[in-house]
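>>> prediction below, plus the sequence it came from.
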Amino acid sequence: MTIYTPHIFAMRQMLYRAMPLVVLLLAFFVVYLFIGNQFNTIIVILSSGGLAFVYLGWFLSAYSKGLIDTPRRQWHVVFENGMIKINAMWGSTDIPLDLIKSLTLVCDDNWDLIKGLEEQCLKVVPLYGFSIIIPGSSANFDATLEAIKQFRQVDTVLVN
(Lines give C-alpha, C1' and ligand atoms only; values in the text may rest on other atoms or scores of the structure.)
Protein backbone atom coordinates (compact mmCIF):
# COMPACT_ATOMS: atom_id res chain seq x y z
CA MET A 1 0.00 0.00 0.00
CA THR A 2 1.37 3.38 -0.98
CA ILE A 3 1.24 6.09 1.67
CA TYR A 4 0.67 9.59 0.27
CA THR A 5 0.87 13.00 1.85
CA PRO A 6 -2.59 14.63 2.13
CA HIS A 7 -1.73 17.00 -0.75
CA ILE A 8 -0.68 14.23 -3.14
CA PHE A 9 -3.69 12.13 -2.09
CA ALA A 10 -6.03 15.04 -2.87
CA MET A 11 -4.37 15.70 -6.24
CA ARG A 12 -4.59 12.03 -7.17
CA GLN A 13 -8.27 11.93 -6.21
CA MET A 14 -9.00 15.07 -8.22
CA LEU A 15 -7.12 13.85 -11.30
CA TYR A 16 -8.84 10.47 -11.16
CA ARG A 17 -12.26 12.13 -10.96
CA ALA A 18 -11.40 14.49 -13.85
CA MET A 19 -10.08 11.73 -16.14
CA PRO A 20 -13.31 11.43 -18.22
CA LEU A 21 -13.16 15.17 -18.90
CA VAL A 22 -9.49 14.95 -19.89
CA VAL A 23 -10.22 12.07 -22.29
CA LEU A 24 -13.16 13.98 -23.80
CA LEU A 25 -11.08 17.11 -24.34
CA LEU A 26 -8.22 15.08 -25.80
CA ALA A 27 -10.64 13.38 -28.20
CA PHE A 28 -12.01 16.77 -29.29
CA PHE A 29 -8.46 18.03 -29.87
CA VAL A 30 -7.54 15.00 -32.00
CA VAL A 31 -10.75 15.34 -34.03
CA TYR A 32 -10.02 19.03 -34.56
CA LEU A 33 -6.50 18.22 -35.80
CA PHE A 34 -7.78 15.73 -38.36
CA ILE A 35 -10.97 17.47 -39.49
CA GLY A 36 -10.14 21.15 -39.07
CA ASN A 37 -12.89 23.63 -39.94
CA GLN A 38 -15.64 21.00 -39.97
CA PHE A 39 -15.05 20.52 -36.24
CA ASN A 40 -17.69 23.17 -35.45
CA THR A 41 -20.31 21.08 -37.24
CA ILE A 42 -19.41 18.04 -35.15
CA ILE A 43 -19.71 20.09 -31.94
CA VAL A 44 -23.17 21.33 -32.98
CA ILE A 45 -24.30 17.78 -33.75
CA LEU A 46 -22.96 16.45 -30.45
CA SER A 47 -24.35 19.29 -28.37
CA SER A 48 -27.79 19.27 -29.97
CA GLY A 49 -28.41 15.87 -28.40
CA GLY A 50 -26.42 17.03 -25.41
CA LEU A 51 -27.53 14.59 -22.76
CA ALA A 52 -23.93 13.48 -22.28
CA PHE A 53 -22.82 17.09 -21.86
CA VAL A 54 -25.57 17.72 -19.30
CA TYR A 55 -24.47 14.71 -17.26
CA LEU A 56 -20.83 15.76 -17.52
CA GLY A 57 -21.66 19.27 -16.31
CA TRP A 58 -23.84 17.92 -13.52
CA PHE A 59 -21.12 15.49 -12.42
CA LEU A 60 -18.46 18.21 -12.33
CA SER A 61 -20.85 20.44 -10.40
CA ALA A 62 -21.52 17.69 -7.84
CA TYR A 63 -17.78 17.08 -7.46
CA SER A 64 -17.05 20.77 -6.91
CA LYS A 65 -19.73 20.85 -4.19
CA GLY A 66 -18.31 17.79 -2.45
CA LEU A 67 -20.22 14.76 -3.76
CA ILE A 68 -18.46 11.95 -5.60
CA ASP A 69 -19.44 8.69 -7.20
CA THR A 70 -19.26 5.53 -5.14
CA PRO A 71 -15.78 3.99 -5.33
CA ARG A 72 -15.50 0.48 -6.79
CA ARG A 73 -13.59 -0.68 -3.72
CA GLN A 74 -14.76 0.42 -0.31
CA TRP A 75 -12.61 2.94 1.53
CA HIS A 76 -11.75 2.54 5.22
CA VAL A 77 -11.63 5.64 7.38
CA VAL A 78 -10.67 5.95 11.07
CA PHE A 79 -10.14 8.84 13.46
CA GLU A 80 -7.45 8.23 16.06
CA ASN A 81 -4.73 10.24 17.79
CA GLY A 82 -6.01 13.51 16.32
CA MET A 83 -5.68 12.26 12.73
CA ILE A 84 -8.11 11.16 10.05
CA LYS A 85 -6.66 7.99 8.53
CA ILE A 86 -7.91 7.06 5.07
CA ASN A 87 -7.24 3.78 3.27
CA ALA A 88 -8.54 4.00 -0.29
CA MET A 89 -7.17 0.66 -1.58
CA TRP A 90 -5.02 2.56 -4.11
CA GLY A 91 -3.27 4.48 -1.36
CA SER A 92 -3.62 5.83 2.13
CA THR A 93 -3.03 9.07 3.96
CA ASP A 94 -3.16 10.56 7.44
CA ILE A 95 -4.59 14.05 7.89
CA PRO A 96 -3.88 15.81 11.21
CA LEU A 97 -6.80 17.91 12.47
CA ASP A 98 -4.39 20.84 12.91
CA LEU A 99 -3.90 21.02 9.12
CA ILE A 100 -7.63 21.11 8.32
CA LYS A 101 -9.30 24.44 7.58
CA SER A 102 -12.88 23.14 7.49
CA LEU A 103 -14.93 19.95 7.54
CA THR A 104 -18.26 19.76 5.74
CA LEU A 105 -20.74 16.91 5.62
CA VAL A 106 -22.26 17.21 2.14
CA CYS A 107 -25.63 15.45 1.73
CA ASP A 108 -27.54 14.80 -1.48
CA ASP A 109 -30.96 16.39 -0.94
CA ASN A 110 -32.56 15.24 -4.20
CA TRP A 111 -35.70 13.17 -4.06
CA ASP A 112 -34.38 11.09 -6.96
CA LEU A 113 -31.12 9.76 -5.60
CA ILE A 114 -28.97 8.65 -8.51
CA LYS A 115 -27.46 5.20 -8.31
CA GLY A 116 -23.68 5.34 -8.21
CA LEU A 117 -23.48 8.73 -6.48
CA GLU A 118 -22.86 8.97 -2.76
CA GLU A 119 -25.74 10.17 -0.60
CA GLN A 120 -23.31 11.88 1.77
CA CYS A 121 -19.61 12.71 1.76
CA LEU A 122 -17.21 14.40 4.13
CA LYS A 123 -15.35 17.23 2.41
CA VAL A 124 -12.02 17.89 4.11
CA VAL A 125 -10.57 21.28 3.17
CA PRO A 126 -6.92 21.59 4.24
CA LEU A 127 -5.21 24.86 5.13
CA TYR A 128 -3.62 24.81 1.68
CA GLY A 129 -3.96 22.47 -1.29
CA PHE A 130 -6.90 20.57 -2.76
CA SER A 131 -9.87 19.16 -0.87
CA ILE A 132 -10.21 15.48 -0.04
CA ILE A 133 -13.70 14.04 -0.34
CA ILE A 134 -14.40 10.97 1.79
CA PRO A 135 -17.35 8.90 0.51
CA GLY A 136 -20.14 8.11 2.95
CA SER A 137 -20.02 4.44 1.97
CA SER A 138 -16.58 4.12 3.58
CA ALA A 139 -16.23 1.50 6.27
CA ASN A 140 -16.49 3.08 9.74
CA PHE A 141 -17.68 6.42 8.25
CA ASP A 142 -20.37 7.19 10.84
CA ALA A 143 -18.19 6.33 13.84
CA THR A 144 -15.35 8.41 12.42
CA LEU A 145 -17.67 11.36 11.80
CA GLU A 146 -18.96 11.23 15.39
CA ALA A 147 -15.40 11.07 16.74
CA ILE A 148 -14.36 14.08 14.65
CA LYS A 149 -17.38 16.07 15.88
CA GLN A 150 -16.06 15.76 19.44
CA PHE A 151 -12.97 17.78 18.48
CA ARG A 152 -14.00 19.96 15.53
CA GLN A 153 -17.11 21.58 14.13
CA VAL A 154 -18.51 19.78 11.10
CA ASP A 155 -20.84 21.89 8.94
CA THR A 156 -23.69 20.25 7.04
CA VAL A 157 -24.64 21.27 3.50
CA LEU A 158 -27.60 19.95 1.50
CA VAL A 159 -26.97 19.79 -2.25
CA ASN A 160 -29.75 19.62 -4.85
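Yep, that arrived.
>>> so which bits of the helix or strand hosting Y16 are buried?
Here Y16, judged by DSSP states H and E, is contained in helix 6-35. Buried residues in helix 6-35, counted by 16 or more other Cβ atoms under 10 Å: 6, 9-10, 12-13. Every residue, glycine included, has its C-beta placed from N, CA and C.
>>> cool, stretch 77-97 as well?
Result for stretch 77-97 [16+ other Cβ under 10 Å]: buried residues 77-79, 84-88, 92-95.
>>> identify the residue nearest the one residue sitting closest to the centre of the chain in space, chain neighbours excluded?
Nearest to the mean C-alpha position of the chain, by Cα atoms, centre = their mean, lies I68 at 4.2 Å. Nearest non-adjacent residue to I68, counting by Cβ to Cβ, 6 or more residues apart in numbering: I133, 5.1 Å away.
>>> surely that neighbour meets L117?
No. Between I133 and L117 there is no contact under Cβ atoms under 8 Å: 11.9 Å.
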